[in-house]
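Peer 1: return atomic coordinates for the entry below.
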Amino acid sequence: MIIKTKADWEKERPLLLEGLREFASVMKHRPFQNEQGVRGVSAFALYWFIKQVKPTIVFEVGVWKGFSTWVIQQAAPDAEVFCFDPIFLIEHLLEPRKVGPTYRSARASYSHQDFSCANIQELAAKSPRPLVFFDDHQNKLARLLQARQFGIRDIIFDDNDPSVGSHRTLEEDRMDPQSMAVLEREVDNYEIFPALWDVDALLNDTLRIKVDGMGFPIERELQEIYNEREWHSYVTYIRLPIT
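Peer 2: Have a look, this model is predicted:
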């Protein structure tokens, strides 16, 4: 398993800055100001990884208001998008004013099924470069193995913080010898998107995020993304080997 280091990310600084400026321009047309889920640099991380992979089909697991669906479609406008979230089972019962603004796309397919129960393998087999984005707060190694079983080699995880608390992360698994052995066997590439600016945030009573950033410039066009820098959620890209 090749783990991407901070030195490796430094080599890509010019491309990252170029991509960040592009993303800032894209964000001017966002459907609403997101207050939950991927925000700031984490939203850019999702955009960045998808642009690098160039998937032909994307499975989004954990949708909520749909902001990440919009990000996915900006990064891969020609890809098919399939969205999975149990909220779609009860969405019609929720009061719009309590939920707030949402984004639902006519170009995406929506299902309340769990990823593990849907016909993912059949859909993925029809597409040359399938990718799955997990933002569902489920144990990540189990999701990784499900993706492999369904023939998906490109995976993005949100909330891969070693101390996130709501689920077991791959960063936790890396500290466990037995789980690490599984990762070494199953994973080719492991890339946690870096903090572009310093982060020191207390997100709740127990979770503190403190990360040294890459010292990116605070340009006027990047100000809104910079302002949300403390929503750092360790967005992680996984590439599985050919089986």
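Peer 1: quick check: what element follows the helix or strand of the chain with the lowest mean pLDDT along the chain?
Peer 2: Lowest by mean pLDDT, DSSP states H and E among the helices and strands of the chain is helix 96-99, with a mean of 74. Using DSSP states H and E, the next helix or strand after helix 96-99 towards the C-terminus is strand 108-111.
Peer 1: on contacts alone, who are the packing partners of that following strand?
Peer 2: strand 80-84 (3 or more C-beta pairs under 8 Å, 6 or more residues apart in numbering; DSSP states H and E). All C-beta atoms are positioned from the backbone trio N, CA, C, and that covers glycine.
Peer 1: ok now the strand it packs on, how far from the chain's centre?
Peer 2: Put simply, strand 80-84 sits 14 Å off its chain's centre (C-alpha atoms, centre = their mean, to the nearest Å).
Peer 1: what do you get for stretch 44-61?
Peer 2: 8 Å.
Peer 1: next, the buried residues of that stretch.
Peer 2: The neighbour-count check on stretch 44-61 (16 or more other C-beta atoms under 10 Å) flags 44-50, 53, 55-61 as buried.
Peer 1: please apply the same query to stretch 221-240.
Peer 2: 222, 225-226, 228-238, 240.
Peer 1: show the end-to-end separation of stretch 75-83, please.
Peer 2: 16 Å (C-alpha to C-alpha, to the nearest Å).
Peer 1: report the buried residues of that stretch.
Peer 2: 75-76, 79-83.
Peer 1: now, which of the buried residues of stretch 44-61 lie within strands?
Peer 2: Mapping the buried residues of stretch 44-61 onto strands (DSSP state E) picks out 57-61.
Peer 1: if we take the buried residues of stretch 75-83, which one ends up nearest to residue 66?
Peer 2: residue 83 (7.7 Å; C-beta to C-beta).
Peer 1: ok, now which ones touch the closest one?
Peer 2: 60, 63, 66, 69, 108-111 (C-beta atoms under 8 Å, 6 or more residues apart in numbering).
Peer 1: distance to residue 215 added to those, as JSON lines?
Peer 2: Shown next, in JSON lines, are these (distance: C-beta to C-beta, whole Å):
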{"residue": "60", "distance to residue 215": "32"}
{"residue": "63", "distance to residue 215": "34"}
{"residue": "66", "distance to residue 215": "33"}
{"residue": "69", "distance to residue 215": "32"}
{"residue": "108", "distance to residue 215": "37"}
{"residue": "109", "distance to residue 215": "41"}
{"residue": "110", "distance to residue 215": "40"}
{"residue": "111", "distance to residue 215": "42"}
